[in-house]
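**Student:** heads up, no residue letters with this:
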């Protein structure tokens, strides 16, 4: 899924550095949106955070997959929803000081329900929220996952333009 490499490099400006970098295949992040504007989030336990977090559905790009293929697979696996209308919104690095992971954010519209197929170790709750509720949840610290903050704020600022 990832590897850690120690790099010896010369940065712009001539400074020699040693950096440990986590190399990752990349991830797809999905902003599933109903026609009435509600957005689907998942809630699952994250060991590194020691808590259950509200998040946009997402997953690691598998070998030989494109980020869009990953987005389609992960949306179905985690939520059961399928989408007939996809649009790439943005790509970003969540923590470029140490991780070479590139996340690609997709909008999924025309979503329809189906059976979720979470992995054996995943316990996922699925719920949809209006943007007003999501903004309150962000402000109150109920949403603290970086990819979700980026995705929701991106959509709020530039989504429907």
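**Tutor:** Yep, it's here. Fair warning: this is a prediction, and the values are worked out from it, not measured in the lab.

**Student:** any chance you could map the helices in this structure?
**Tutor:** All helices of the chain, identified by DSSP state H, fall at 67-79, 131-139, 146-158.

**Student:** Just the mean pLDDT for the shortest one, thanks.
**Tutor:** Here helix 131-139 scores 97 as its mean pLDDT.

**Student:** again, but for the last one
**Tutor:** Model confidence over helix 146-158 averages 95 on the pLDDT scale.

**Student:** And it, what's buried?
**Tutor:** Buried positions in helix 146-158, judged by neighbour count with 16 or more other C-beta atoms under 10 Å: 147, 148, 150, 151, 152, 154, 155. Any C-beta I mention is one placed from the backbone N, CA and C, and that applies to glycine too.

**Student:** List the contacts of it.
**Tutor:** Contact partners of helix 146-158, identified using C-beta atoms under 8 Å, 6 or more residues apart in numbering, comprise 27, 29, 31, 33, 39, 41, 53-56, 58, 89-90, 92, 94-95, 103, 105, 107, 131, 134-135, 138, 143.

**Student:** out of the helices of the chain, nearest to residue 48?
**Tutor:** Taking C-beta to C-beta, helix 146-158 is the member of those nearest to residue 48, at 12.0 Å.

**Student:** and the direction of that closest one versus that of helix 131-139, what angle?
**Tutor:** For helix 146-158 against helix 131-139, the angle by axes from the mean of the first three to the mean of the last three C-alpha atoms, to 10 degrees is 130 degrees.

**Student:** Drop anything exposed from the contacts of helix 146-158.
**Tutor:** Buried members of the contacts of helix 146-158, scored by 16+ other C-beta under 10 Å, are 27, 29, 31, 33, 39, 41, 53-56, 58, 89, 92, 103, 105, 107, 134, 138, 143.

**Student:** Which of these fall in strands?
**Tutor:** Members of the buried ones among the contacts of helix 146-158 lying in strands (criterion: DSSP state E): 27, 29, 31, 39, 41, 53-55, 58, 89, 92, 103, 105, 107.

**Student:** In contact with the residue lying closest to residue 22 once chain neighbours are set aside, which residues?
**Tutor:** Distances taken as C-beta to C-beta, 6 or more residues apart in numbering put residue 99 closest to residue 22, at 4.5 Å, once the chain neighbours are dropped. Going by C-beta under 8 Å, 6+ apart, residue 99 touches 21, 22, 24, 93.
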